[in-house]
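Undergrad: no sequence on hand, only this structure:
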């Protein structure tokens with residue numbers, strides 16, 4: 001049964017997260033709570049922001065009024081029950097620089113949070129580091145995603161994109177843009193995989209080549225019968241040779257150099273790889289100053305921005321800055337995150353996230369911004385070859401056939417294997433930077449070595465787990481989605497990859513158990529599937545991509561950005577395996593820029609369409625699980641209101657003087673109230689919302705004027721990672737007329 005509040009009303013949990021989605025919540029949630037409350041539905045909040053997650057780790061250091069509950073742990077337990085109905089907004093997957101910034105802000109606000117220990121040596125420091133590691137990276141999604149992903153562009157969004165196609169950059173057949181990836185020594189080529197015959201407890205250990213005691217890297221890794229366990233490593237020697245070659249190639253060809261990683265989700269491996277990219281791009285800097293930088297606690301893993309900031313406190317800081325300047329001048333031109341501010345592709349590991357940066361580059365005709373403020377062809381460096389072929393195939397398709405036309409193309413929804421921290425996104429606690437040459441062994445409970453890798457100092461080794469019941473549910477969900485939408489489904493699996501080979505065996509086992517009569521189901525490598533899907537896109541046809549966890553993440557940005565201009569407008573439903581529902585609201589890649597604009601100009605461009613769609617799906621799920629007819633009315637009327645919202649183009653504008661996020665929420669409230677007033681299934685509810693609909697319509701001009709009047713001046717929200725609730729509410733609800741009307745419900 002669904003959870004209920006103290007008054008017995010069915011309850012939806014709406015998450016407080018970070019950045020622009022959090023700011024938007026201060027405006028949207030009061031509207032939704034007021035409307036839903038009239039239908040007997042309660043919305044409660046749980047704070048899973050990075051700041052709240054940090055504070056929840058150190059209750060003993062905080063005063064009583066400062067302590068916060070561990071809301072993420074609470075929701076994790078809830079997600080394992082049929083009662084779950086959770087709306088999850090995008091949150092920060094904190095890189096180390098972001099984590100440090102959040103810690104500094106909390107300390108400035110009076111919270112006794114310890115500093116982040118870069119190199120913990122004492123027992124206390126190791127314990128503090130372990131607590132922070134529970135916050136770092138993608139700490140939220142693996143806890144809540146106890147089901148597989150069903151993500152697609154809602155029909156209304158797709159129709160709007162076709163009627164109002166977004167700009168696509170022109171592609172030239174002579175474009176030099178391409179993907180560079182490793183041909184050996186990476187995670188793809190080194191992977192080994194086994195299927196466990198029975199429940200067991202595994203140990204990961206390092207046998208030093210020089211002899212001596214075994215080093216236990218991790219013990220007590222619990223596995224279940226039928227589970228797929230993988231291990232692989234990135235050879236640092238092969239990586240550095242590859243990177244040096246790509247720097248030279250970009251220089252020789254006169255194109256931009258850009259690196260594309262996922263330092264947020266792959267929170268252990270990718271920051272290390274990022275650091276190697278920085279060192280490979282500036283070799284003389286680290287040859288001359290590397291030892292002193294390391295002694296001062298400065299790590300290339302944190303990016304060029306952190307390194308330059310640290311030089312202000314170093315005695316030879318000027319010499320280091322000069323070496324950086326010489327290195328940047330000597331190398332190829334770097335792709336830029338912000339040309340005006342001199343922020344390069346290598347400044348911050350979390351600034352260039354592959355699933356956002358690569359689609360944006362493809363949409364822009366294969367170009368990225370250079371130091372000169374102009375767009376140029378780029379060498380897109382993606383070290384690990386596991387998924388690089390997807391982007392290479394997309395680029396090749398656009399080079400041969402030109403840019404996609406959003407007015408005519410089909411769509412590529414996704415069914416993603418992500419339940420129970422599947423695959424690489426659950427590998428963080430089993431990823432290690434190897435301290436000495438030796439052999440990493442994965443050993444079962446009887447002492448048998450399941451597989452091993454010979455490794456060298458500095459190599460990055462990781463293990464991944466994928467539960468058997470998650471795989472079976474994934475196959476079943478793909479078949480259901482193919483049946484419901486009458487659309488071909490393609491499993492993106494490569495038999496040459498060890499992990500995928502085991503998934504293919506399970507697919508052959510579980511697919512015959514499903515009703516596939518009349519369905520079109522394919523299995524292709526990721527590169528082949530990309531080419532196949534692009535060809536169908538151009539023909540106006542739809543194709544379901546059925547992928548693992550990483551490609552779920554990549555594809556649900558790549559195709560939406562090309563199809564509808566953004567991945568923030570997607571319908572993302574996670575049917576939880578225990579019967580509950582998790583409803584996600586889109587991607588937050590642009591959220592930091594939106595916060596900056598709000599603080600500088602009191603204008604928030606964040607588009608809450610993803611929240612609108614998630615809310616409607618959540619209300620519908622509640623209706624189905626409780627029999628609450630009014631919850632279904634909320635869902636139906638919200639869907640129709642969102643359709644009107646799109647038809648009338650009420651999304652935030654792109655410049656001051658137009659409505660922003662707050663204005664878009666007003667129009668949603670207006671259209672939703674009108675739909676509730678006009679419906680005939682529930683006369684009492686219609687009577688409740690009739691006066692509000694009339695008041696909002698009569699005061700439309702005044703409300704819009706009040707919302708626009710505040711634009712153009714700085715806004716004080718009292719913090720970035722933990723903004724002050726009262727100040728933020730005042731900024732995000734500036735229309736007295738609208739607030740008073742809403743209060744009449």
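TA: It's in. Remember, predicted model here, so these are calculated numbers, not experimental data. Numbering: from 1, shown residues only.
Undergrad: show the pLDDT at residue 142.
TA: Model confidence at residue 142, given as pLDDT, is 85.
Undergrad: what's the local residue count around it?
TA: Other residues lying near residue 142 total 20 when counted by other Cβ atoms under 10 Å. Where C-beta positions appear, they are placed from N, C-alpha and C, glycine not excepted.
Undergrad: check what pLDDT the residue nearest to it when sequence neighbours are not counted gets.
TA: Ranked by Cβ to Cβ, 6 or more residues apart in numbering and with sequence neighbours excluded, the top spatial neighbour of residue 142 is residue 421, at 3.8 Å. Each residue has a pLDDT score; the one for residue 421 is 88.
Undergrad: list the contacts for residue 281?
TA: Residues near residue 281 by Cβ atoms under 8 Å, 6 or more residues apart in numbering: 243, 247, 257, 327, 331, 334, 346.
Undergrad: distance check, it against residue 252.
TA: Computed as Cβ to Cβ, to the nearest Å, the residue 281 to residue 252 distance reads 15 Å.
Undergrad: try residue 158
TA: With Cβ to Cβ as the criterion, residue 158 and residue 252 are 43 Å apart.
Undergrad: compare those two (neighbour count), which wins?
TA: For residue 158 and residue 252, the more surrounded residue by other Cβ under 10 Å is residue 158, and the numbers stand at 20 against 9.
Undergrad: which residues does the more buried one contact?
TA: 411, 563, 564.
Undergrad: could you pull out the strands for the stretch 401-550 of the chain?
TA: 414-416, 431-433, 438-443, 449-455, 460-466, 489-492, 521-524, 544-547 (DSSP state E, counting those that start in this stretch).
Undergrad: out of those strands, which gets nearest to residue 107?
TA: Residue 107 lies closest, by Cβ to Cβ, to one member of these: strand 431-433, at 28.3 Å.
Undergrad: who's in contact with the closest one?
TA: In contact with strand 431-433 (Cβ under 8 Å, 6+ apart) are residues 204, 206, 217, 268-269, 272, 440, 458-463.
Undergrad: list only those of those flagged as buried.
TA: Among those, the ones that count as buried by 16 or more other Cβ atoms under 10 Å are 204, 206, 217, 268-269, 272, 440, 458-463.
Undergrad: closest to residue 38 out of the residues you listed?
TA: The shortest separation between residue 38 and any of those is 47.6 Å, and it belongs to residue 268 (by Cβ to Cβ).
Undergrad: identify the bridge partners of the closest residue to the closest one other than its chain neighbours.
TA: When the adjacent residues along the chain are set aside, residue 268 lies closest to residue 431, with 3.9 Å between them (Cβ to Cβ, 6+ apart). In this structure, residue 431 has the following beta-bridge partners (DSSP bridges): residue 462.
Undergrad: ok so, going back, and the contacts of residue 281, which of them are in helices?
TA: When these are checked against helices (DSSP state H), the matches are 243, 247, 327.
Undergrad: and these as JSON lines, adding neighbour count, pLDDT and distance to residue 225?
TA: Listed next are those as JSON lines, based on neighbours: other Cβ atoms under 10 Å; pLDDT from 0 to 100; distance: Cβ to Cβ, whole Å:
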{"residue": "243", "neighbour count": "24", "pLDDT": "98", "distance to residue 225": "41"}
{"residue": "247", "neighbour count": "20", "pLDDT": "98", "distance to residue 225": "47"}
{"residue": "327", "neighbour count": "17", "pLDDT": "96", "distance to residue 225": "53"}
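Undergrad: got those residues as a markdown table, with distance to residue 610 columns?
TA: Compiled in a markdown table, the ones in helices among the contacts of residue 281 are given as follows (distance: Cβ to Cβ, whole Å):
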| residue | distance to residue 610 |
| --- | --- |
| 243 | 36 |
| 247 | 38 |
| 327 | 41 |
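Undergrad: I'd like to know which of the residues you listed is nearest to residue 425.
TA: For the ones in helices among the contacts of residue 281, the residue nearest residue 425 by Cβ to Cβ is residue 243; the value is 24.4 Å.
Undergrad: residues in contact with the closest one?
TA: Contacts were defined as Cβ under 8 Å, 6+ apart; by that measure residue 243 touches 276, 277, 280, 281, 381, 383.
Undergrad: for the fourth one, give its distance to residue 697.
TA: To tie it back to what came earlier, the one meant is residue 281. When Cβ to Cβ is applied, the distance between residue 281 and residue 697 equals 58 Å.
Undergrad: where do the helices sit along the stretch 451-600 of the chain?
TA: Assigned by DSSP state H, counting those that start in this stretch, the stretch 451-600 of the chain shows helices spanning 468-485, 498-510, 526-538, 549-564, 591-601.
Undergrad: please identify the most buried of the ones you listed.
TA: Between the helices of the stretch 451-600 of the chain, the one whose residues have the most neighbours on average, counting mean count of other Cβ atoms under 10 Å, is helix 549-564 (a mean of 26).
Undergrad: coming back round to it: of the contacts of residue 158, closest to residue 540?
TA: Top of the list for closeness to residue 540, among the contacts of residue 158 and by Cβ to Cβ, is residue 411 at 9.6 Å.
Undergrad: with adjacent residues omitted, what lies nearest to that closest one?
TA: When the adjacent residues along the chain are set aside, residue 411 lies closest to residue 542, with 5.0 Å between them (Cβ to Cβ, 6+ apart).
Undergrad: didn't that neighbour look like it was pressed against residue 414?
TA: No - with contacts counted by Cβ atoms under 8 Å, residue 542 stays clear of residue 414, the gap being 11.7 Å.
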